[in-house]
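Undergrad: got a sequence here, can you build the structure:
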Amino acid sequence: MTAILAVETSTPACSVALRLGDVIVSRYSEEPRSHTKLVMNMISDVLAEAGLSVQQLDMLAVTVGPGSFTGLRIGFAAVQGLAFGADKPVVPASSLQVMAATYLRRQNANQDAGMVIMPVLDARMAEFNCGCYKLEASGELTALVEDQLLDAEGAMALYRECQPDVIVGEAESLIGTDSDLHFVPVYPDAVDLLTITQANSAQPVESIELVYLRGTDAWQKRKKLRKG
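TA: Here you go, the predicted model:
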């Protein structure tokens, strides 16, 4: 049986999931700024519950962005350490794609082929990480556009272009009080990252890069501002 461990830390939610054959064990918590203390305990918990060691895994999976600079680095560092130590390949996935998949599973959405989902993460500084994904007849979510960082005007232009059935994620400050827009708040969950690994290819962890969309120089500036 194939064993896959998935880690998702790109938002205020932190989650880990492990699939062994048809069995899935998982942990999920919405505790902002607690990912560092949570993620390794979650990994230990799901491995223990499944009765596996890291060496018995076939591969790992991790979201590579977009999302929180700090959150992404925490999750990737954990997976990177495990992958290097046990010589295991890693499947990278978009945080926004996983968010769309989480919406479909949690909301028991009408999963008709052709459904379009627009995941949005608030990137602060009046900008938003946005994507648009279409549900195919095969059950896969395919990207209609590349994930991108947009201001409010650009995000609404993308909405008009893609005509999604629903906006999911962190879009409260984008849509305001516009009741005509169907919005559901949701964070990505590692359980749904496991599903996406079926369509994505595993690769050596050293070949994987995080997708910040906004440059790391902005992350460094924000760190300095917080320290001041």
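
Undergrad: please enumerate the helices of the protein.
TA: For the chain, the helices defined by DSSP state H occupy 35-50, 69-86, 95-106, 152-162, 172-175, 190-196, 216-227.

Undergrad: reformat the ones you listed as JSON lines; add distance to Leu57, mean pLDDT and mean neighbour count.
TA: Yep, even glycine has a C-beta here, placed from its N, CA and C like the rest. Shown next, in JSON lines, are the helices of the chain (distance: least, CB to CB, whole Å; pLDDT from 0 to 100; neighbours: other CB atoms under 10 Å):
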{"stretch": "helix 35-50", "distance to Leu57": "8", "mean pLDDT": "97", "mean neighbour count": "17"}
{"stretch": "helix 69-86", "distance to Leu57": "7", "mean pLDDT": "96", "mean neighbour count": "20"}
{"stretch": "helix 95-106", "distance to Leu57": "19", "mean pLDDT": "96", "mean neighbour count": "25"}
{"stretch": "helix 152-162", "distance to Leu57": "36", "mean pLDDT": "96", "mean neighbour count": "15"}
{"stretch": "helix 172-175", "distance to Leu57": "38", "mean pLDDT": "89", "mean neighbour count": "16"}
{"stretch": "helix 190-196", "distance to Leu57": "12", "mean pLDDT": "94", "mean neighbour count": "25"}
{"stretch": "helix 216-227", "distance to Leu57": "30", "mean pLDDT": "40", "mean neighbour count": "11"}
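
Undergrad: how near is the residue nearest in space to the middle of the chain to Gly71?
TA: The centre of the chain sits closest to Ser95, judged by CA atoms, centre = their mean, with a distance of 2.5 Å. Separation of Ser95 from Gly71 (CB to CB, to the nearest Å): 9 Å.

Undergrad: ok, now Ser94?
TA: Ser94 is 14 Å from Gly71, by CB to CB.

Undergrad: swap in Ile24?
TA: Applying CB to CB to Ile24 and Gly71 gives a distance of 22 Å.

Undergrad: ok, Ala78 next?
TA: Relative to Gly71, and taking CB to CB, Ala78 is found at 11 Å.

Undergrad: again with Ser201
TA: 24 Å.

Undergrad: go on, Leu52?
TA: The spacing between Leu52 and Gly71, counted by CB to CB, is 25 Å.

Undergrad: same check, this time on Thr36
TA: With CB to CB as the criterion, Thr36 and Gly71 are 10 Å apart.

Undergrad: just His182 next, same as before
TA: 27 Å.

Undergrad: returning to what we had before: so for Ser95 and Gly71, which residues contact both of them?
TA: Ser10, Thr11 (CB atoms under 8 Å, 6 or more residues apart in numbering).

Undergrad: next, count neighbours for Glu140.
TA: 15 (other CB atoms under 10 Å).

Undergrad: can you tell me how far it is from Ala50?
TA: Noted for Glu140: a distance of 26 Å to Ala50, by CB to CB.

Undergrad: alpha carbons of stretch 194-214, as PDB, please.
TA: The C-alpha coordinates for stretch 194-214 follow below in PDB (Å, rounded to 0.1, in the frame of the first residue of the first chain):
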ATOM      1  CA  LEU A 194      -3.400  14.000  -0.400                       C
ATOM      2  CA  THR A 195      -6.000  13.900  -3.200                       C
ATOM      3  CA  ILE A 196      -4.100  16.300  -5.400                       C
ATOM      4  CA  THR A 197      -0.900  14.200  -5.100                       C
ATOM      5  CA  GLN A 198      -2.600  11.700  -7.400                       C
ATOM      6  CA  ALA A 199      -2.300  14.200 -10.300                       C
ATOM      7  CA  ASN A 200       1.000  15.800  -9.400                       C
ATOM      8  CA  SER A 201       4.400  14.300  -9.800                       C
ATOM      9  CA  ALA A 202       6.800  13.600  -7.000                       C
ATOM     10  CA  GLN A 203      10.300  15.100  -7.300                       C
ATOM     11  CA  PRO A 204      13.500  15.500  -5.300                       C
ATOM     12  CA  VAL A 205      12.900  18.000  -2.500                       C
ATOM     13  CA  GLU A 206      16.000  20.100  -3.600                       C
ATOM     14  CA  SER A 207      14.300  20.900  -6.900                       C
ATOM     15  CA  ILE A 208      11.200  22.400  -5.200                       C
ATOM     16  CA  GLU A 209      10.900  26.200  -4.700                       C
ATOM     17  CA  LEU A 210       8.300  28.100  -2.700                       C
ATOM     18  CA  VAL A 211       5.900  30.300  -4.600                       C
ATOM     19  CA  TYR A 212       5.600  33.600  -2.700                       C
ATOM     20  CA  LEU A 213       4.200  35.700  -5.600                       C
ATOM     21  CA  ARG A 214       5.200  38.800  -3.700                       C
END
